[in-house]
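Participant: dropping a prediction and its sequence here:
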Amino acid sequence: MNQMPFRHLMAYGNSDQASFRNIAVQGTFHVMTVPGTIASYYQEATAAFVLSSQLQYLIDPRTPLFQGDIDDPRASHITLAEWHGPTVHSAVASGTASLDPTFYTPAVVGELVGEIVDRQRTYAGHAPVVKKKLDRYAALLAEAMQQQGAPAPTTNAMPPYAILAPYFAVSGTSDPWWTVMQEVWAAASSLPQPDKIMPVLCLDGRPKENADGVATLAEILPLLPPALSKIAFFWITNFDERKVNESQLRALWNVIANRPDGRRLVNLYGGFFSICMRHAGLRGFGNGLTYSESRDWPALASTGAAPPRYYVRDLHLFMSPAVAAVLESVDLSFACPCDACADWRATGQSIASLPYHDLKRHFALARKWELDLTAATPLADIADQLEDARDRAVAASSGNLVLDSLPALEYLGRWASVLRSP
């Protein structure tokens with residue numbers, strides 16, 4: 001089977017601290033992704049939590065927040081703008097601005113790139129500044145580890161696992177934003193140790209704009225600058241693996257499989273299909289705890305905690321806990337055997353009332369199961385399992401008023417088709 005290293009990035013949110021202190025959850029991912037909005041707005045508290053966690057982490061610059069018209073920005077956007085240099089900060093802080101490609105002159109881009117890269121490279125240096133908070137978070141972690149029968153880790157402020165270059169959404173090399181991205185890469189290439197800076201490709205995939213983010217990814221991959229890291233992150237906006245058609249799934253698989261020699265790719269937002277793409281050569285993917293398997297643009301500004309959702313692992317699908325409980329009661333083959341679910345059932349209760357943080361723990365464990373499954377199972381067998389799960393769910397839904405509300409499951413057939421014949 002495919003033995004290439006494959007990295008799972010888990011996004012951190014303010015409501016996730018307890019989950020990230022859970023040993024079982026920690027064992028389901030490799031790198032914690034910290035959104036720049038959180039890192040900049042809750043600067044001291046986030047630095048203290050991240051640096052005391054002893055988890056590998058990276059900071060996402062989320063530069064597309066400063067692309068296009070800016071109207072009534074949130075406080076967290078203003079603090080993140082400060083991380084993008086004084087010119088961007090001044091424009092965003094004014095409350096109304098139009099940050100089109102002409103705004104990003106070479107001088108502004110150089111300022112932006114230098115500032116955001118430096119903020120990441122010096123992040124571990126916050127440790128002495130936030131020592132009181134760091135000690136408090138370290139004590140909370142030690143207490144949580146003790147309760148779980150594990151030793152507390154030694155507090156050692158580590159630098160980020162990766163340094164990401166800033167990025168803007170582009171629809172192709174004819175897009176005026178492509179010129180801005182070339183300036184971004186040129187500025188990053190002029191910094192010390194440019195080979196440690198990872199480029200990020202944000203590909204406009206908005207259906208209403210008839211944008212083809214997969215084709216743009218294929219177009220731009222060969223144009224990545226040689227001075228920067230061979231590891232590149234990408235985000236195809238508005239690309240929901242359960243909603244896009246089969247041709248788009250197959251095209252993405254083949255772009256990954258036919259990537260330029262030596263290039264390693266990580267998908268910033270993905271779900272089970274992205275995990276399967278490890279067989280095409282994808283080197284990693286990211287998501288949040290029960291959210292952010294895909295992300296739209298420019299709706300990047302719409303953030304917040306995910307509602308309580310249960311992840312049915314056989315269907316690789318989120319649904320309300322109440323509906324998931326009905327599905328399980330009709331067909332016990334959908335019952336999840338993970339510790340979060342089993343422990344809750346042992347109390348005599350159903351997953352319909354699974355507590356919020358246990359929902360997150362269940363999802364993390366289900367995702368680890370998916371990672372293990374795809375590492376050890378031939379693609380054809382995974383395809384068979386997808387279609388079997390679809391057929392079982394359809395049978396369970398027959399004549400059941402509650403399960404009539406299940407989302408369409410055609411995506412399982414599309415995934416299976418691609419896995420059998422990429």
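Facilitator: Structure's in. What do you need?

Participant: tell me the helices in the stretch 51-200 of the chain, going along the chain?
Facilitator: 75-82, 86-93, 106-121, 131-147, 176-189 (DSSP state H, counting those that start in this stretch).

Participant: nearest to Ala11, of these?
Facilitator: The closest of the helices of the stretch 51-200 of the chain to Ala11 is helix 75-82. By C-beta to C-beta, the value is 14.9 Å. All C-beta atoms are positioned from the backbone trio N, CA, C, and that covers glycine.

Participant: in that closest one, which residues are buried?
Facilitator: Buried residues in helix 75-82, counted by 16 or more other C-beta atoms under 10 Å: Ser76, His77, Ile78, Thr79, Leu80, Ala81, Glu82.

Participant: quick check: buried residues in the helix or strand Val326 falls within?
Facilitator: Val326 is part of helix 321-330 when elements are defined by DSSP states H and E. Under the neighbour-count criterion of 16+ other C-beta under 10 Å, helix 321-330 has Pro321, Val323, Ala324, Ala325, Val326, Leu327, Glu328, Ser329, Val330 buried.

Participant: which one of those sits closest to Glu115?
Facilitator: The closest of the buried residues of helix 321-330, once distances to Glu115 are taken by C-beta to C-beta, is Pro321, at 43.3 Å.

Participant: any chance of the buried residues of helix 75-82 in a markdown table, with distance to Pro106 and pLDDT too?
Facilitator: Compiled in a markdown table, the buried residues of helix 75-82 are given as follows (distance: C-beta to C-beta, whole Å; pLDDT from 0 to 100):
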| residue | distance to Pro106 | pLDDT |
| --- | --- | --- |
| Ser76 | 28 | 95 |
| His77 | 24 | 95 |
| Ile78 | 24 | 96 |
| Thr79 | 25 | 97 |
| Leu80 | 22 | 98 |
| Ala81 | 19 | 97 |
| Glu82 | 21 | 98 |
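
Participant: now render those as JSON lines, adding distance to Tyr12.
Facilitator: Shown next, in JSON lines, are the buried residues of helix 75-82 (distance: C-beta to C-beta, whole Å):
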{"residue": "Ser76", "distance to Tyr12": "14"}
{"residue": "His77", "distance to Tyr12": "18"}
{"residue": "Ile78", "distance to Tyr12": "21"}
{"residue": "Thr79", "distance to Tyr12": "17"}
{"residue": "Leu80", "distance to Tyr12": "15"}
{"residue": "Ala81", "distance to Tyr12": "21"}
{"residue": "Glu82", "distance to Tyr12": "20"}
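
Participant: for Gly286, state which of the residues you listed is nearest.
Facilitator: Closest to Gly286, out of all of the buried residues of helix 75-82 and judged by C-beta to C-beta, is Leu80, at 18.4 Å.

Participant: show me what contacts the closest one?
Facilitator: Leu80 makes contact with Gly36, Thr37, Ser40, Tyr41, Pro61, Arg62, Leu65, according to C-beta atoms under 8 Å, 6 or more residues apart in numbering.

Participant: for the residues you listed, which two are the farthest from each other?
Facilitator: Tyr41 and Pro61 (14.0 Å).

Participant: more neighbours, these two?
Facilitator: Pro61 (27 against 18; other C-beta atoms under 10 Å).

Participant: correct me if wrong: the more buried one contacts Leu164.
Facilitator: Yes - using C-beta atoms under 8 Å, Pro61 is in contact with Leu164, at 5.9 Å.

Participant: common neighbours of the two, please.
Facilitator: Gln120, Val200.

Participant: name the nearest residue to Gly110, sequence neighbours excluded.
Facilitator: Of all residues not flanking Gly110 in the chain, Ala187 sits nearest, at 4.6 Å (C-beta to C-beta, 6 or more residues apart in numbering).

Participant: how many neighbouring residues does that neighbour have?
Facilitator: Neighbour number of Ala187 under other C-beta under 10 Å is 21.

Participant: contacting residues around it?
Facilitator: With C-beta under 8 Å, 6+ apart, Ala187 has these contacts: Pro106, Val109, Gly110, Leu112, Val113, Gly114.

Participant: list the contacts for the closest residue in space to Tyr123 that isn't next to it in sequence?
Facilitator: In space, and not counting its chain neighbours, Tyr123 is closest to Pro160: 5.9 Å by C-beta to C-beta, 6+ apart. In this structure, Pro160 makes contact with Tyr57, Leu58, Ile59, Gln120, Arg121, Tyr123, Ala124, judged by C-beta under 8 Å, 6+ apart.
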